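Novice: can't give you the sequence, but here's the structure:
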């Protein structure tokens with residue numbers, strides 16, 4: 001499976017988190033600045049990694065991520 005571009009990853013991230021209102025997300029966006037970044041959003045991201053990328057991550061992986069780029073780097 002090829003690694004997606006950061007732009008493709010952001011699109012998938014936005015679907016996985018399912019924000020109520022549209023949000024502007026760039027690779028440098030701090031996760032904590034997102035209005036609905038909570039445990040449910042984190043779970044959506046964990047599922048996205050598993051289903052879309054076949055990669056298993058855990059909550060501690062997410063805690064170590066400050067930005068969207070940090071999440072993207074978890075794809076390895």
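Specialist: Alright, I've got the coordinates. Nothing here was measured: the structure is a model prediction, and the numbers come from that model.

Novice: Now do the contacts for residue 68.
Specialist: Shown in contact with residue 68 (C-beta atoms under 8 Å, 6 or more residues apart in numbering): 6, 9-10, 13, 25-29, 31. (Glycine included, C-beta is placed from N, CA and C.)

Novice: ok, the residue lying closest to residue 21 once chain neighbours are set aside to residue 19 distance?
Specialist: In space, and not counting its chain neighbours, residue 21 is closest to residue 35: 7.2 Å by C-beta to C-beta, 6 or more residues apart in numbering. Residue 35 sits 7 Å away from residue 19, taking C-beta to C-beta, to the nearest Å as the criterion.

Novice: Looking only at neighbour counts, state which of those two leads.
Specialist: residue 19 (15 against 10; other C-beta atoms under 10 Å).

Novice: Report pLDDT for that one.
Specialist: With respect to pLDDT, residue 19 scores 86.

Novice: Which is the succeeding secondary structure element to the top helix by length along the chain?
Specialist: Across the chain, the longest stretch assigned as helix under DSSP state H is helix 39-53. Next along the chain after helix 39-53, taking DSSP states H and E as the criterion, comes helix 59-63.

Novice: Thanks a lot, catch you later.
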